[in-house]
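this one's structure only:
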């Protein structure tokens, strides 16, 4: 019986106790057998970082029919690497990151630990999806987004994803979603990124924060436009970062010594 | 006088004391004024991770005519963000990461803290370059690669780089380099990524390691081919990760609920 059901490897960057990943487990239990390997605490902003200077360790914290949960001392990418190498009973049908508490659209794809999970699954040639709700609060309300999460998962299980591609799915906060738009990554930039942090004995202490500025607020094909107009933004994403358009031009540069 | 010289912001992921960044400082001092904001210790594999759960702090450790060096407790990306927001006297002409001790070609671009530096500079619309020598040893010999580093920097100062693009430059180990090839990112995968780590009181402890497998060893346009044949590999890289080829196809999926 178990072998006829899909197998999904889940992780996140908010830690295994976060509400988002537990909502994801809840909505996907009827769809697939689930193995969760998630950080033992928050790893927001972990990007695709990996840990090589200390040993990685995981501990089983929950086991039920069709669900096993492990916590791990590493980064989101470490969790996926460990999960695939040493934990899953066979190759998963999907790797999923999330549901993140916070927006991973636009340039946030680069900083996101949730998308680190997804990039790693994609690098291992497994269809991979990141889900993020645009609400940072610990007690965010995931109710409106869950049917969309379920639908995207069903469609990826049905269609697959071409090798080298994955999905970055961002969902607006709120009760009423207008539907789904397939988007491109918005061109934007973080500004005003630091606030001074008082330290009784020193200076030059800062908190990282920031104000996001959308460089193309009117571009209707972008993920940030979709989100700001009430749509779920599905951004197909690729692991090949080559700027192909520059290769021919640079062949005319004087690069040899 | 000082204002007529270019200004370059440097960082790395091996820490401000690493040989690689000090070789970079040495070769670039005659070219530009340098501000170095580098991690206070090793951050290999930091990718584009950022730090928001603890304050960031930097300390000036060296100041000479045309050179100021700061160490910082954050990630490579934190260093660039802090450098640009609070340290540099004016907008730099270039952001440079490296010279890394180790190969950042192919899929390593995703895990690399050196390329985190470069992605961050690029996100801030500054021409940015990552340099990596394919030699992990602390005392790696950078002599053969320095003229190429200097030439690539000169050419980027001359030509600029289109907004949204940056360079991932990898250099083979060894005394004799055959020249430069402008490349695309190789399709490859890390395998055998864990070795058990003995722990006196527990199990499930592992070291992250790995064997890289090139999925296209005969592809002469790839960065890994260039490196394995003795060439410096210059891989133009972009921050837009959209998989454009998938957008039209996914518009035919049944994504709405």
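That came through, no problem. For clarity, every value in this text was computed on a predicted model and none was experimentally measured.

tell me the contacts of residue A:213?
Residues near residue A:213 by Cβ atoms under 8 Å, 6 or more residues apart in numbering or on different chains: A:188-191. C-beta: built from backbone N, CA, C; applies to glycine.

ok, so of these, who is nearest chain B?
Of all these, chain B sits closest to residue A:189, with 6.4 Å by Cβ to the nearest Cβ.

List the beta-bridge partners for the closest one.
residue A:213 (DSSP bridges).

For it, grab the count of nearby residues.
If you count neighbours by other Cβ atoms under 10 Å in any protein chain shown, residue A:189 ends up with 16.

Please apply the same query to residue A:97.
Neighbour tally, residue A:97, other Cβ under 10 Å: 37.

Can you tell me how far it is from residue A:82?
To residue A:82, residue A:97 is 15 Å away according to Cβ to Cβ, to the nearest Å.

Do a quick rundown of the strands in chain A.
In chain A, the segments counted as strands under DSSP state E are A:7-11, A:33-39, A:56-64, A:67-72, A:94-101, A:128-133, A:165-171, A:180-182, A:188-191, A:194-196, A:205-208, A:211-214, A:232-238.

between those strands, which one is nearest to residue B:161?
Minimum separation from residue B:161 across those (Cβ to Cβ) falls at strand A:188-191, 16.4 Å.

list the buried ones in that closest one?
Judged by neighbour count using 16 or more other Cβ atoms under 10 Å in any protein chain shown, the buried positions of strand A:188-191 are A:188-190.

Do a quick rundown of the helices in the stretch 151-257 of chain A.
Here the stretch 151-257 of chain A has its helices, by DSSP state H, counting those that start in this stretch, at A:223-228, A:244-250.

Return the distance of the longest one from the chain's centre.
So the one you mean is helix A:244-250. 30 Å (Cα atoms, centre = their mean, to the nearest Å).

what's the answer for the first one, then?
Going by Cα atoms, centre = their mean, the spacing between the C-alpha centre of helix A:223-228 and its chain's C-alpha centre is 17 Å.

same thing with stretch A:226-238?
Centre-to-centre, stretch A:226-238 and its host chain are 13 Å apart (Cα atoms, centre = their mean).

do stretch A:100-109 as well
Distance, centroid of stretch A:100-109 to centroid of chain: 8 Å (Cα atoms, centre = their mean).

Ok, stretch A:100-120 next?
Offset of stretch A:100-120 from its chain centre (Cα atoms, centre = their mean): 4 Å.

right, is stretch A:81-95 up against chain B?
Yes: Stretch A:81-95 reaches chain B (Cβ under 8 Å from any Cβ of the partner chain) through A:81-82, A:85-86.

among those, which are in helices?
Judged by DSSP state H, the subset of these located in helices is A:81-82.

so which of the residues of stretch A:81-95 next to chain B is the most crowded?
In terms of neighbour count, residue A:81 stands highest of these at 26 neighbours, by other Cβ under 10 Å.

For residue A:116, see how far away that residue is.
When residue A:81 is compared with residue A:116 (using Cβ to Cβ), they lie 11 Å apart.

likewise residue A:136?
For residue A:136, the distance to residue A:116 (Cβ to Cβ) stands at 18 Å.

Could you check which of the two is surrounded by more residues?
Neighbour count, other Cβ under 10 Å: between residue A:136 and residue A:116, residue A:116 has more, with 34 against 13.

Would you mind confirming that the more buried one makes contact with residue A:95?
No: at 11.1 Å, residue A:116 does not count as touching residue A:95 under the criterion of Cβ atoms under 8 Å.

in the stretch 1-150 of chain A, which ranges drop under the pLDDT threshold?
Applying pLDDT under 70 to the stretch 1-150 of chain A picks out residues A:1-3.

Chain B contacts on that one?
A:42, A:44-53, A:55-59, A:74-75, A:77-78, A:81-82, A:85-86, A:107, A:109-111, A:113, A:116, A:119, A:123-125, A:147-148, A:150.

okay, now residue A:250: neighbour count?
22.

List the contacts of it.
Going by Cβ under 8 Å, 6+ apart, residue A:250 touches B:182, B:234, B:236.

re earlier: please tabulate the contacts of residue A:213 in CSV, including the columns distance to residue A:250 and pLDDT.
Shown next, in CSV, are the contacts of residue A:213 (distance: Cβ to Cβ, whole Å; pLDDT from 0 to 100):
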residue, distance to residue A:250, pLDDT
A:188, 27, 98
A:189, 25, 97
A:190, 28, 97
A:191, 30, 97
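
out of those residues, who's nearest residue A:63?
Using Cβ to Cβ, the contacts of residue A:213 come closest to residue A:63 at residue A:190, 40.8 Å.

Tell me which residues touch the closest one, please.
A:107, A:210-213, B:123.

from these, which two are the most distant?
The span of the contacts of residue A:190, defined through Cβ to Cβ, is set by A:211 and B:123 at 14.4 Å.

the more surrounded of these two?
Using other Cβ under 10 Å as the criterion, residue A:211 and residue B:123 rank with residue B:123 on top: 23 against 9.

now the residues of the stretch 1-150 of chain A next to chain B: which count as buried?
Buried members of these, scored by 16+ other Cβ under 10 Å, are A:42, A:44-51, A:55-58, A:74-75, A:77-78, A:81-82, A:85, A:107, A:109-111, A:113, A:116, A:119, A:123-124, A:148, A:150.

Just the residues you listed: which are in helices?
Among those, DSSP H puts A:77-78, A:81-82, A:109-111, A:113, A:116, A:119, A:123, A:148, A:150 in helices.

who are the neighbours in contact with the nearest residue to residue A:80 once chain neighbours are set aside?
Setting aside the residues directly before and after it, residue A:80 is nearest to residue A:120 in space (Cβ to Cβ, 6 or more residues apart in numbering or on different chains), at 4.2 Å. By Cβ under 8 Å, 6+ apart, the residues touching residue A:120 are A:48, A:76-77, A:80-81, A:95, A:128.

mind redoing it with 7 Å?
By Cβ atoms under 7 Å, 6 or more residues apart in numbering or on different chains, residue A:120 lies in contact with A:48, A:77, A:80-81.

which of these lies closest to chain B?
The nearest member of the contacts of residue A:120 to chain B, counting by Cβ to the nearest Cβ, is residue A:48 at 4.2 Å.

My read is that the closest one contacts residue B:46, right?
No: with contact defined as Cβ atoms under 7 Å, residue A:48 does not count as touching residue B:46 (9.5 Å).
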